[in-house]
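J.: Quick one: sequence and predicted model below, then my questions.
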Amino acid sequence: GRCLFAPSKVDIAMPDGSNSSAFCHTDDINIGVYYKNSYYQTPLRNNDGGKQLYSLTAGENVTMEPTAKATEYTVSGITSYGVGIKLNNKLYAGEGDKVSLKLSGSPTNRYIDSGYHSLPESDNPYTLTMPQHNTVVMAWKNMHPTELASEEDWNIFRMLLHEGSDYAGETVTMTADINSSLIPNYHDKFTFRGTFDGGGHTLTIAYGSSENYINKSMAPFYCIENATIRNLVINGSIYSSSRYNGGLVVRATGSENIIRNCDSHVSISSNIIYGECFNGGFVGQMSTDGTHVSFEGCVFSGIFQGDKARSWGGFVGLREYKDNNHNTVSFTDCFVAPTRASVYTPNATFFQSPTYTTDGATYTNCYYQNTFGKIDGGKQAYGITADKEITVENAATPSSDATVGAIGYGVGIKYKNVLYAASDEQLSITLNYSGSIPEEKLGYYVYNGTLTGTSNPYTLAMSNQNTVIHAWKQVHPIEIASTEDWEDFGNAI
């Protein structure tokens with residue numbers, strides 16, 4: 001009891017099945033061995049006794065003292081508190097330990113740990129349930145943030161959602177790019193019902209790794225209900241051994257959800273073997289009972305990785321279907337353009353449905369660049385590019401002036417300054433030239449497609465390949481006396 005195994009160095013061979021033990025070596029059965037408030041810093045064998053040790057420290061402007069009765073061991077330097085120990089003036093505890101602490105600090109009398117779980121309000125002492133990592137107790141500086149400029153702001157915002165604050169009727173705005181690596185700790189209360197405006201900024205997530213797949217459904221938001229999320233780029237990675245992961249949301253419910261001008265560039269990896277993962281580029285799962293999600297000007301440009309996992313959806317992992325009760329979903333000016341999709345089949349371009357039906361889904365001016373399964377909607381997109389001296393724009397009225405996601409024009413879209421349209425579509429375009437050909441001799445021609453008109457706006461008829469627009473000097477030389485004449489002759493031919 002009240003012991004600590006904390007060797008300065010361990011230099012022994014420990015192959016799989018090693019019989020080395022942190023506390024007491026037995027013949028596989030710990031009969032007659034008892035452990036009380038004992039810990040190990042370096043595990044030698046799983047579950048031979050005691051708990052893995054994690055540190056518990058006070059953050060800036062916080063003082064912290066255990067309140068339980070202390071038992072001091074002067075030779076070893078250990079102080080035991082019944083739950084938790086102190087060594088070299090540093091407090092330690094094991095996962096799940098409930099540590100009683102007297103706290104004081106500024107600017108508030110509310111405290112959170114570094115896993116962003118708030119300590120239950122108390123008159124002091126507080127009770128902290130130790131997580132499975134080193135933790136810091138911090139003073140809570142912002143009770144209800146609506147402007148997010150840092151990872152701390154994001155974590156506090158997410159903690160408030162976890163505690164049941166849904167931000168209904170409020171707008172939360174990102175004012176800077178934010179990185180987040182804290183693994184979400186979700187439950188059903190984690191529902192966002194407000195408006196989230198990314199302000200054109202990027203949220204970069206890191207949930208798990210190729211060596212550590214997390215057995216949770218993960219996304220920046222767990223659940224949205226009648227919420228709006230707009231103007232946000234989501235980057236980073238998710239490694240999950242569970243279903244319903246999303247680049248933005250795990251689960252959507254409610255009849256009035258809008259996701260507008262967002263770009264999901266998230267890499268989602270699944271290690272599920274020959275089973276359904278139902279991961280989506282934006283939403284993992286849409287519930288039934290009248291749920292509707294409207295996607296407007298959104299792009300999935302990320303990565304799907306799961307050679308043995310099936311049932312992926314470019315935007316939605318699964319539209320639930322129960323007792324003929326379908327949800328509904330609409331796509332306007334949306335683009336499925338994954339960087340890579342190494343997945344098992346079957347899958348679907350925009351969304352998965354257990355009945356493979358597209359009932360309740362509408363598509364307006366939507367496209368896909370790469371398909372990795374069933375084509376449930378949209379059209380194959382082909383790019384429209386031009387010589388470096390030429391700028392090309394769609395002459396129709398744009399759907400928005402957003403800097404994130406896709407911009408629609410009724411026919412065709414623009415994503416990252418490249419225009420796209422489908423085979424046999426005709427669109428009106430504006431061409432501007434900054435090269436050396438005189439205006440009176442300037443002409444345009446295209447590879448793969450047909451260009452008509454003599455001035456702006458021109459009409460471009462698409463083919464089933466990427467289109468390239470070139471400029472040429474409109475001359476018809478019959479006497480060739482120079483290199484320039486020869487080039488003009490070649491261009492004329």
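T.: Now that the structure is in, tell me what you want to look at.
J.: tell me which residues of the helix or strand containing residue 391 are tucked away?
T.: Secondary structure from DSSP states H and E places residue 391 in strand 390-394. Buried residues in strand 390-394, defined by neighbour count with 16 or more other Cβ atoms under 10 Å: 390, 392-394. Yep, even glycine has a C-beta here, placed from its N, CA and C like the rest.
J.: How about stretch 87-103?
T.: Buried residues in stretch 87-103, counting neighbours by 16+ other Cβ under 10 Å, are found at 87, 91-94, 97, 99-101, 103.
J.: how about the helices of the stretch 101-250 of the chain, start to end?
T.: Here the stretch 101-250 of the chain has its helices, by DSSP state H, counting those that start in this stretch, at 151-162.
J.: Flag the shaky bits of this structure, pLDDT-wise.
T.: Counting by pLDDT under 70, the chain contains low-confidence ranges at 1-2, 8-37, 43-49, 106-109, 121, 141-142, 186-189, 322-325, 355-356.
J.: Kindly export the biggest strand by length in it (C-alpha atoms) in PDB.
T.: Looking across the chain with DSSP state E, the single longest strand is strand 228-240. Extracted in PDB, the C-alpha atoms of strand 228-240 (Å, rounded to 0.1, in the frame of the first residue of the first chain):
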ATOM      1  CA  THR A 228     -26.000  27.000 -39.600                       C
ATOM      2  CA  ILE A 229     -22.300  26.400 -40.200                       C
ATOM      3  CA  ARG A 230     -20.600  28.600 -42.900                       C
ATOM      4  CA  ASN A 231     -17.400  30.000 -44.300                       C
ATOM      5  CA  LEU A 232     -15.100  27.300 -42.800                       C
ATOM      6  CA  VAL A 233     -12.200  25.200 -44.000                       C
ATOM      7  CA  ILE A 234     -11.700  21.900 -42.100                       C
ATOM      8  CA  ASN A 235      -8.300  20.400 -42.500                       C
ATOM      9  CA  GLY A 236      -6.400  17.600 -40.700                       C
ATOM     10  CA  SER A 237      -7.100  13.900 -40.000                       C
ATOM     11  CA  ILE A 238      -9.400  11.400 -38.200                       C
ATOM     12  CA  TYR A 239      -8.300   7.900 -37.500                       C
ATOM     13  CA  SER A 240     -11.300   5.900 -36.200                       C
END
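J.: so who does the residue nearest the centre of the chain touch?
T.: The centre of the chain sits closest to residue 247, judged by Cα atoms, centre = their mean, with a distance of 3.9 Å. Counting by Cβ atoms under 8 Å, 6 or more residues apart in numbering, residue 247 touches 219, 234, 238, 264-266, 268, 280-282, 300, 302.
J.: Go again with 7 Å.
T.: Residues in contact with residue 247 (Cβ atoms under 7 Å, 6 or more residues apart in numbering) are 219, 234, 264, 266, 268, 281-282, 302.
J.: picking that back up, need the buried residues of strand 390-394 in TSV with distance to residue 343, can you?
T.: Listed next are the buried residues of strand 390-394 as TSV, based on distance: Cβ to Cβ, whole Å:
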residue	distance to residue 343
390	38
392	34
393	36
394	33
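J.: Packing partners of the longest strand of the chain?
T.: Counting contacts by 3 or more Cβ pairs under 7 Å, 6 or more residues apart in numbering; DSSP states H and E, strand 228-240 packs against strand 195-197, strand 202-207, strand 257-264, strand 267-270.
J.: Out of those, flag the one nearest residue 286.
T.: Nearest of these to residue 286, taken as Cβ to Cβ: strand 257-264 at 8.9 Å.
J.: In terms of secondary structure, what does the closest one contact?
T.: Packing partners of strand 257-264 (3+ Cβ pairs under 7 Å, 6+ apart): strand 228-240, strand 292-296.
J.: If we use 10 Å, what do you get?
T.: strand 195-197, strand 221-225, strand 228-240, strand 249-253, strand 283-286, strand 292-296, strand 299-300, strand 328-332 (3 or more Cβ pairs under 10 Å, 6 or more residues apart in numbering; DSSP states H and E).
J.: Can you verify residue 440 is assigned to a helix?
T.: Yes: assessed by DSSP: H, G, I helix; E, B strand; the rest coil, residue 440 belongs to a helix.
J.: ok, the nearest residue to residue 215 once chain neighbours are set aside - how many residues close by?
T.: Spatial nearest neighbour of residue 215, chain neighbours left out: residue 241 (4.9 Å); criterion: Cβ to Cβ, 6 or more residues apart in numbering. Residues near residue 241, counting by other Cβ atoms under 10 Å, number 18.
J.: Does residue 241 touch residue 216 like I think?
T.: Yes: the pair residue 241 / residue 216 is scored as a contact, 8.6 Å apart, by Cβ atoms under 10 Å.
J.: Quick check: neighbours shared by those two?
T.: Counting by Cβ atoms under 10 Å, 6 or more residues apart in numbering, the residues touching both residue 241 and residue 216 are residue 208.
J.: List the contacts of residue 313.
T.: 246, 278-286, 300, 304, 319, 336, 347-353, 372-374, 376.
J.: and the strand holding residue 391, what other elements does it pack with?
T.: By 3+ Cβ pairs under 10 Å, 6+ apart, strand 390-394 packs against strand 382-386, strand 413-415, strand 418-421, strand 426-433, strand 458-462, strand 467-473.
J.: and the angle from it to strand 467-473?
T.: With axes from the mean of the first three to the mean of the last three Cα atoms, to 10 degrees applied, the angle from strand 390-394 to strand 467-473 works out at 130 degrees.
J.: strand partners of strand 390-394, parallel vs antiparallel please.
T.: If you go by DSSP bridges, strand 390-394 pairs up with strand 426-433 (antiparallel).
J.: Touching the strand it pairs with from outside, list them.
T.: Here strand 426-433 has contacts from 384, 386-387, 389-396, 409-412, 419, 421, 439, 442-444, 449-453, 455-462, 469, 471, using Cβ under 10 Å, 6+ apart.
J.: Good, wrapping up.
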